[in-house]
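Enquirer: Got a predicted structure plus its sequence, pasted below:
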Protein chains: 2
Amino acid sequence: MNIILFDKSEIQNNRVVLKDRRSKHIIKVLGSSQGDIVRTGIINGPTGTSKIISISKDSVELCTDHSGPLPEVPPTDLILALPRPIMLKRIFSQAATLGVGRIFLINANRVEKSFFSASLLQENNFYQHLLHGLEQAVDTRVPEVTIHSRFKPFVEDTLPQLNAAWNVRLVAHPGPFPLLPDSTTKLQQKKTVIAIGPEGGWVDYEIDKFQEQGFVPFSMGRRILRVDTAVPALLSQIDLLRYITS
Amino acid sequence: MNIILFDKSEIQNNRVVLKDRRSKHIIKVLGSSQGDIVRTGIINGPTGTSKIISISKDSVELCTDHSGPLPEVPPTDLILALPRPIMLKRIFSQAATLGVGRIFLINANRVEKSFFSASLLQENNFYQHLLHGLEQAVDTRVPEVTIHSRFKPFVEDTLPQLNAAWNVRLVAHPGPFPLLPDSTTKLQQKKTVIAIGPEGGWVDYEIDKFQEQGFVPFSMGRRILRVDTAVPALLSQIDLLRYITS
């Protein structure tokens, strides 16, 4: 936890009282005392610091000052064929750490249908994993997550409405496609979306549909990656390409 | 499991009998029958195929033909301040998937000493996690792992003996250092070693010691990554830089 995040509704007259894993972190990990300053932020809001007003065995009261910068929304979005829930937890957290704007969880031919009824996807249960990722990265912007249980309506109806927002659209796929750097020219800070398939890959129909929507297929090279390796690998490669070309 | 790996000692006159997770994979996941061909390889040896001679409820007999190519040793080595065991399992598997030649697990000021007595590090218990990573990536080369429980002898005595093997030596460290691409010129297929610190980072003394051995510090940017995110992120960025500059 490199930043402690508050929901806006928790703060009343610049005061907040914590009695959960955040106070535990301040007490046990940071070992803070009354008067100490800790790095804090408002979820989807600005960053800043908070001063410890009082501290007991299990609660901490803080006075907040969130006059710091508002983090920018990361310029990369992720379309992900729904992976198995245990893998998705880690992917949520790592994607939030590396920085994504939106995550679209979609169906595909090789997605197990039962994954859509996972408890992780009910009632925003995944939210905590996104927060853990932001706390690690010192960010406040929670990726927007939407779930699309049918492939065809997603690519035919939803994508056309979103396409204008993206300058670069990429789909990862094993096969005779160029590698990532050949697929992108002058990436800089351009709005980019990257689609990553299920274990076993997209089927041809799905690749065709993405290509119809202006997505450029690229190969990740000779080695076959699991989805939970592909996500951090690709997000950090995109970051590097942005940096190199800007 | 995108390739099934055999130890050389398991093969007798081009025949091997499996009665473990590998036969289970052939029977349950691949759903193979007698006469089918599966992709196989010899650990640290060549790749090839094997033909199913007979198959029962829990065992599979194969006839092997490993006349395929011998995978090259990956040109990147990893020095890693020993992370907590549960994280290390995943790092072993992901590093083997992405491809590393050697892994040096070392001590550092911010490493918890108890990690060195983890059962994962006893009797090669980590070996299976490296194999899982290779089975995913379709590789046969097991990364060489060595454990160095004292920092000073490692940097002062061991590193000088190894240094000649590396053309590029990098150490990841938050701080006023250039980002990765500025630290490397024409990486191509040059032998490279990258040192990644513990949660909380290296201490100044450790960075000084690495610099004395010709390691160039670089920053990973504004976001703070957990070690299990930093490893796949950096290995795949190194891969991309190799590709761009070759």
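Expert: Perfect, thanks for sending it.
Enquirer: Tell me if the longest strand seen in chain A is near chain B.
Expert: When chain A is parsed with DSSP state E, its longest strand is strand A:47-55. No: Strand A:47-55 does not reach chain B (C-beta under 8 Å from any C-beta of the partner chain); its nearest approach is 11.6 Å. In short, each C-beta sits where N, CA and C put it, glycine included.
Enquirer: May I have the strands that pair with that strand, each with its orientation?
Expert: strand A:37-42 (antiparallel), strand A:60-65 (antiparallel) (DSSP bridges).
Enquirer: Including mean neighbour count, could these go into a markdown table?
Expert: Below are the strands paired with strand A:47-55 laid out as a markdown table (neighbours: other C-beta atoms under 10 Å in any protein chain shown):
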| stretch | mean neighbour count |
| --- | --- |
| strand A:37-42 | 19 |
| strand A:60-65 | 20 |
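Enquirer: Would you map the strands across chain A?
Expert: Counting by DSSP E, the strands of chain A are A:4-6, A:15-18, A:37-42, A:47-55, A:60-65, A:76-81, A:102-106, A:144-148, A:168-172, A:192-196, A:216-218.
Enquirer: Give me the contacts around the second one.
Expert: When contacts are defined by C-beta atoms under 8 Å, 6 or more residues apart in numbering or on different chains, strand A:15-18 is touched by residues A:Ile4, A:Phe6, A:Glu10, A:Ile26, A:Ser50, A:Ile53, A:Ser59, A:Val60, A:Glu61, A:Leu62, A:Cys63, A:Thr64.
Enquirer: any idea how far A:His148 is from A:Glu212?
Expert: Going from A:Glu212 to A:His148 by C-beta to C-beta, to the nearest Å gives 17 Å.
Enquirer: I meant to write A:Ile106 there.
Expert: From A:Ile106 over to A:His148 (counting by C-beta to C-beta), the distance is 4 Å.
Enquirer: so what sits against both of the two?
Expert: In contact with both A:Ile106 and A:His148: A:Phe154, using C-beta under 8 Å, 6+ apart.
Enquirer: and the lowest-mean-pLDDT helix or strand in chain A, what does it pack onto?
Expert: Ranked by mean pLDDT, DSSP states H and E, the helix or strand of chain A with the weakest confidence is helix A:180-183, at a mean of 74. Applying 3 or more C-beta pairs under 8 Å, 6 or more residues apart in numbering or on different chains; DSSP states H and E, one finds that helix A:180-183 contacts strand A:216-218, helix A:227-245, helix B:227-245.
Enquirer: quick one: buried residues of the first one?
Expert: Right, the one you point to is strand A:216-218. Within strand A:216-218, the residues scored as buried using 16 or more other C-beta atoms under 10 Å in any protein chain shown are A:Pro217, A:Phe218.
Enquirer: Can you verify my assumption that A:Ser23 contacts A:Lys57?
Expert: No: applying C-beta atoms under 8 Å as the test, A:Ser23 and A:Lys57 come out as separate, 9.6 Å apart.
Enquirer: and chain A, what are its domains?
Expert: A:4-65, A:76-245 (automatic domain parsing).
Enquirer: In CSV: the ones you listed, plus distance to B:Arg90.
Expert: Below are the domains of chain A laid out as CSV (distance: least, C-beta to C-beta, whole Å):
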stretch, distance to B:Arg90
domain A:4-65, 22
domain A:76-245, 8
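Enquirer: quick one, which of those is packed in tightest?
Expert: domain A:76-245 (a mean of 19; mean count of other C-beta atoms under 10 Å in any protein chain shown).
Enquirer: Show me which residues of chain A sit near chain B.
Expert: Going by C-beta under 8 Å from any C-beta, the residues of chain A near chain B are A:2, A:94, A:97-99, A:136-139, A:179-181, A:221-226, A:229, A:232-237, A:239-241, A:243-244.
Enquirer: quick revisit: for the helices and strands packed on helix A:180-183, could you give me CSV that also reports mean pLDDT and distance to A:Val171?
Expert: CSV is the format used below for the helices and strands packed on helix A:180-183 (pLDDT from 0 to 100; distance: least, C-beta to C-beta, whole Å):
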stretch, mean pLDDT, distance to A:Val171
strand A:216-218, 92, 5
helix A:227-245, 92, 11
helix B:227-245, 92, 18
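Enquirer: Adding distance to A:Leu18, write the ones you listed out as TSV.
Expert: As requested, those are exported to TSV (distance: least, C-beta to C-beta, whole Å):
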stretch	distance to A:Leu18
strand A:216-218	45
helix A:227-245	30
helix B:227-245	26
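Enquirer: so which of the ones you listed gets nearest A:Phe126?
Expert: helix A:227-245 (14.4 Å; C-beta to C-beta).
Enquirer: A:Val216 touches A:Ala172, doesn't it?
Expert: No: using C-beta under 8 Å, A:Val216 is not in contact with A:Ala172; the gap is 10.4 Å.
Enquirer: separation between the closest residue in space to A:Val203 that isn't next to it in sequence and B:Leu30?
Expert: Excluding the flanking residues, the one nearest A:Val203 by C-beta to C-beta, 6 or more residues apart in numbering or on different chains is A:Asn109, at 4.5 Å. Using C-beta to C-beta, one obtains 18 Å as the distance from A:Asn109 to B:Leu30.
Enquirer: Kindly report the same for A:Lys28.
Expert: From A:Lys28 to B:Leu30 the distance is 48 Å (C-beta to C-beta).
Enquirer: cool, and A:Lys8?
Expert: Taken as C-beta to C-beta, the span from A:Lys8 to B:Leu30 is 52 Å.
Enquirer: what's the answer for A:Ser23, then?
Expert: 51 Å.
Enquirer: Now A:Leu131: closest residue in space that isn't a chain neighbour?
Expert: Closest to A:Leu131 by C-beta to C-beta, 6+ apart is A:Leu5, at 6.2 Å.
Enquirer: beta partners of the one you found?
Expert: Applying DSSP bridges, one finds that A:Leu5 bridges with A:Gly41.
Enquirer: can you check A:Thr192 too?
Expert: Under the criterion used (DSSP bridges), A:Thr192 bridges to A:Thr76, A:Val168.
Enquirer: correct me, but it touches A:Ile79?
Expert: No: between A:Thr192 and A:Ile79 there is no contact under C-beta under 8 Å: 11.3 Å.
Enquirer: Below-threshold pLDDT in chain A: ranges please.
Expert: For chain A, the stretches with pLDDT under 70 are A:183-185.
Enquirer: how about 80 then?
Expert: A:174-177, A:181-185, A:245-246 (pLDDT under 80).
Enquirer: residue contacts, the residue lying closest to A:Pro198 once chain neighbours are set aside?
Expert: In space, A:Pro198 comes closest to A:Ala81 once its chain neighbours are excluded; the distance is 3.9 Å by C-beta to C-beta, 6+ apart. Residues in contact with A:Ala81, defined by C-beta under 8 Å, 6+ apart, are A:Ile106, A:Asn107, A:Ala108, A:Arg110, A:Val111, A:Ile196, A:Gly197, A:Pro198, A:Trp202, A:Val227.
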